[in-house]
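Q: okay, here's the prediction I keep looking at, along with the sequence it came from:
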Amino acid sequence: MSSSTRAAVLADPRHTLLAVDFDGTLAHIVEDPTRAYAHPRSVAALARLGTVLGQIAIVTGRPVPQALELGGFEGRAGLEHLVIYGQYGAERWDAENGETTRPDRPDAIRRLADVLPSWLAERGAGDARLEDKGLAIAIHTRGIGEGLLDSLAAPLAELAAELGLAVEPGRQVIELRAPGHDKGDALRLLVEGLDARQVIFAGDDLGDLPAYAAVESLRERGVGGLLICSASTEQDALVARADVVLDGPDAVADWLEQLADDLHV
């Protein structure tokens, strides 16, 4: 991290917020998203950091139950105050009470679930894998056919507009979800709750851009900010805006471990 941000975090860890994306940052991207387990060294480092930092949060597009299952966070010593914002901030889980708050499933998502299988089949994309997240549906094309996602992008955007849904593109996936929230909103709520004086955010994909924008805006208000990119050959949208560029989840684990070492925990 930059010398000024490092000094601020080391001097005042209790007013530091560390927020981390899940897929592509804590976990490697894999063909089957139900097998994308968080890097064990990252989870161990977060548990160490949880004893000294003011707040640790996971801010992810995944539903909270998936993040808990794949991350192994629940009941982990050191993560007693962990907060998870799932589905881009629509859901919130607090380790302190084990409770999850989430809105009802939108009618537009119900309609999408009804029509999407046949809609994809009509466009030669019947092999695409559908992931129903409750508040969103993701269309995965990894390992199916090169160029398939690009061919679906515009028609899916039209379908989303018809249903009043937002489009969330990602690495070999397009997600249609209820609008009205994003990772930037979640990050701002976390900052306000902690009265954070410095914020570290790590992400890897387009869905993390609102969180990047939130940190950049907080900097203008005097809050220290550090942006980390978990880089890949599939997506480089965050690289130019990042303060630290790391080579994927393995390097993220190294970085988190180094931060814990620097804080002597």
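A: Everything's here; your move. These numbers come from a predicted model, not from an experiment.
Q: in the protein, which spans are strands?
A: Using DSSP state E, the strands found in the chain span residues 16-20, 55-59, 83-86, 91-94, 99-101, 129-132, 136-140, 166-170, 173-177, 198-203, 224-230, 244-246.
Q: out of the ones you listed, the one nearest residue 159 is which?
A: strand 173-177 (7.3 Å; Cβ to Cβ). Any C-beta I mention is one placed from the backbone N, CA and C, and that applies to glycine too.
Q: if you compare the directions of that closest one and strand 136-140, what angle comes out?
A: Taking axes from the mean of the first three to the mean of the last three Cα atoms, to 10 degrees, one finds strand 173-177 and strand 136-140 inclined to each other by 170 degrees.
Q: from the chain's centroid, how far away is strand 173-177?
A: The chain centroid and the centroid of strand 173-177 are separated by 14 Å, computed with Cα atoms, centre = their mean, to the nearest Å.
Q: now do stretch 230-238
A: Centroid separation between stretch 230-238 and its chain, computed with Cα atoms, centre = their mean, is 14 Å.
Q: that older thread, for the strands of the chain, give me JSON lines that also has mean neighbour count, mean pLDDT and distance to residue 147.
A: Output for the strands of the chain, formatted as JSON lines (neighbours: other Cβ atoms under 10 Å; pLDDT from 0 to 100; distance: least, Cβ to Cβ, whole Å):
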{"stretch": "strand 16-20", "mean neighbour count": "25", "mean pLDDT": "98", "distance to residue 147": "32"}
{"stretch": "strand 55-59", "mean neighbour count": "25", "mean pLDDT": "98", "distance to residue 147": "31"}
{"stretch": "strand 83-86", "mean neighbour count": "25", "mean pLDDT": "98", "distance to residue 147": "31"}
{"stretch": "strand 91-94", "mean neighbour count": "20", "mean pLDDT": "97", "distance to residue 147": "33"}
{"stretch": "strand 99-101", "mean neighbour count": "11", "mean pLDDT": "96", "distance to residue 147": "38"}
{"stretch": "strand 129-132", "mean neighbour count": "14", "mean pLDDT": "92", "distance to residue 147": "17"}
{"stretch": "strand 136-140", "mean neighbour count": "20", "mean pLDDT": "93", "distance to residue 147": "14"}
{"stretch": "strand 166-170", "mean neighbour count": "18", "mean pLDDT": "91", "distance to residue 147": "15"}
{"stretch": "strand 173-177", "mean neighbour count": "23", "mean pLDDT": "93", "distance to residue 147": "13"}
{"stretch": "strand 198-203", "mean neighbour count": "27", "mean pLDDT": "97", "distance to residue 147": "26"}
{"stretch": "strand 224-230", "mean neighbour count": "24", "mean pLDDT": "96", "distance to residue 147": "25"}
{"stretch": "strand 244-246", "mean neighbour count": "17", "mean pLDDT": "96", "distance to residue 147": "28"}
